[in-house]
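In: Model the following, please.
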Amino acid sequence: MPSNSAQSIVKTRYWHRLDDGRLQCDLCPRHCHLREGQRGLCYVRQRLDDEIKLVTYGRSSGFCIDPIEKKPLNHYFPGSAVLSFGTAGCNLACKFCQNWDMSKSREMDTLADAASPQQLAHTARAESCRSVAFTYNDPIIFHEYAIDVAAACRELDVKTVAVTAGYIDPEPRVEFFGAMDACNVDLKAFSERFYRKICGAQLAPILETLEYIRHETDSWLELTTLLIPDENDSDREIEAMTAWVAEKLGVDVPMHFTAFHPDWKMRDIAATPRETLTRARAIALANGLRYAYTGNVHDSGGSSTYCHNCGELLIERDWYVLGHWGLDASGCCGNCGTVLAGYFEAQPGRFGARRIPISINR
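Out: Model (predicted):
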């Protein structure tokens, strides 16, 4: 394991040599072909010394303690604190990126903080964080670091959460998601057109990843779709997406429909009306999904959790603050006894809506 240095560089496993001498990265479906010194589109995987290496191991753009609901995860230890961090770069090219200053960064100075996997795990435990989240940019691109952090966390009974677009090849997919306790996957749309035009990617590999997580791992799964006016918010597309989720992933997988705000290369698009989110939530519920939420808007009704059997309010949310708690000690509806899908403790966490930046000593 590398020591904390100004820039930690480690070898990677997922690549092979092409007949023309270039090396193909096999981490994600981009399959970047690299000559010596070249970096992949993600920027953090680079051909050095005739190998492909991760050049940002142990480096971060900063550490912050957040509510778990901000990831967003509504069915994974509600009210708990999560130690969040990201690095630089991304393997997608989303024109609407809300964290573009980190995910699109090409400056190593962005990575001003450093921490070993053990330091992260011990800090999370010392700060009473139930979990560590890999977020802000996609953790798939810092695959080796994320997996080592997950192993260190597991030794201290700290959970790990991946916030990801799920754009990964089959072989590294097994190792990565096998190490994660929970995931929120951005299902950015339900059309190849959107993924190609807006994200520079493909839809099919992401659907394969979702089915793999749901059926081949023990990782808790929730989905998020950022609805962009006139791009991925039609009734027809939301209908097709939610029907697919119900059929292929199951009705207990929560979906979050969140509001777009003009950013990065889509500043000319209007913010998503709250009514669009409410409509998407209604379509999801009509298609049989038991848990659908609205986000990035103030909508207590749309962000709260209800029993799918009797309709009782189980977890009231006002932004990231929990109110009424209708679950019994075993995670069942206090009114009718129906089990609520997810992971819950006898009492909800009380971290609230705080955001606490922290430093991790080297």
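In: so where do the strands sit in the stretch 51-200 of the chain?
Out: 51-57, 59-60, 63-67, 81-85, 113-114, 131-134, 159-164, 182-186 (DSSP state E, counting those that start in this stretch).
In: looking at these, which is closest to residue 347?
Out: Nearest to residue 347, of all these, is strand 81-85, at 14.5 Å by C-beta to C-beta. Using the backbone N, CA and C atoms, a C-beta is placed for each residue, glycine as well.
In: Low-confidence stretches in the stretch 51-200 of the chain?
Out: For the stretch 51-200 of the chain, the stretches with pLDDT under 70 are 99-112.
In: For it, just list every one of the helices.
Out: 100-103, 117-126, 143-155, 170-178, 192-194 (DSSP state H, counting those that start in this stretch).
In: Including distance to residue 48, could those go into TSV?
Out: Formatted as TSV, these follow (distance: least, C-beta to C-beta, whole Å):
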stretch	distance to residue 48
helix 100-103	22
helix 117-126	22
helix 143-155	15
helix 170-178	19
helix 192-194	34
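In: Looking at the ones you listed, which is nearest to residue 302?
Out: With C-beta to C-beta as the measure, helix 192-194 is the member of the helices of the stretch 51-200 of the chain nearest residue 302 (23.4 Å).
In: Need the mean per-residue confidence for the next helix or strand after the closest one.
Out: Where DSSP states H and E defines the elements, the next helix or strand beyond helix 192-194 is helix 204-216. Helix 204-216 shows a mean pLDDT of 98.
In: just to revisit the earlier point, turn the helices of the stretch 51-200 of the chain into TSV, including distance to residue 12 and mean neighbour count.
Out: Below are the helices of the stretch 51-200 of the chain laid out as TSV (distance: least, C-beta to C-beta, whole Å; neighbours: other C-beta atoms under 10 Å):
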stretch	distance to residue 12	mean neighbour count
helix 100-103	20	19
helix 117-126	16	20
helix 143-155	6	21
helix 170-178	9	17
helix 192-194	29	13
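In: Residue 27 is nearest to which of those?
Out: Closest among the helices of the stretch 51-200 of the chain, using C-beta to C-beta: helix 170-178, at 5.4 Å.
In: So residue 348: helix, strand or coil?
Out: coil (DSSP: H, G, I helix; E, B strand; the rest coil).
In: Test my guess that it contacts residue 68.
Out: No - Residue 348 is not in contact with residue 68 according to C-beta atoms under 8 Å; the separation is 10.7 Å.
In: Overlap of the contact sets of those two?
Out: 78-79 (C-beta atoms under 8 Å, 6 or more residues apart in numbering).
In: Find the residue closest to residue 127 in space, skipping its chain neighbours.
Out: Nearest residue to residue 127 in three dimensions, chain neighbours excluded: residue 65, at 6.0 Å (C-beta to C-beta, 6 or more residues apart in numbering).
In: Please give me every residue in contact with the one you found.
Out: Residue 65 neighbours (C-beta under 8 Å, 6+ apart): 81-84, 127, 129, 351, 354-356, 358.
In: Pull out the buried members of those residues.
Out: 81-84, 129, 351 (16 or more other C-beta atoms under 10 Å).
In: got JSON lines for the contacts of residue 65, with distance to residue 256 too?
Out: Supplementary listing: the contacts of residue 65 in JSON lines, determined by distance: C-beta to C-beta, whole Å:
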{"residue": "81", "distance to residue 256": "20"}
{"residue": "82", "distance to residue 256": "16"}
{"residue": "83", "distance to residue 256": "21"}
{"residue": "84", "distance to residue 256": "17"}
{"residue": "127", "distance to residue 256": "26"}
{"residue": "129", "distance to residue 256": "21"}
{"residue": "351", "distance to residue 256": "19"}
{"residue": "354", "distance to residue 256": "21"}
{"residue": "355", "distance to residue 256": "19"}
{"residue": "356", "distance to residue 256": "23"}
{"residue": "358", "distance to residue 256": "26"}
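In: No further questions, thank you.
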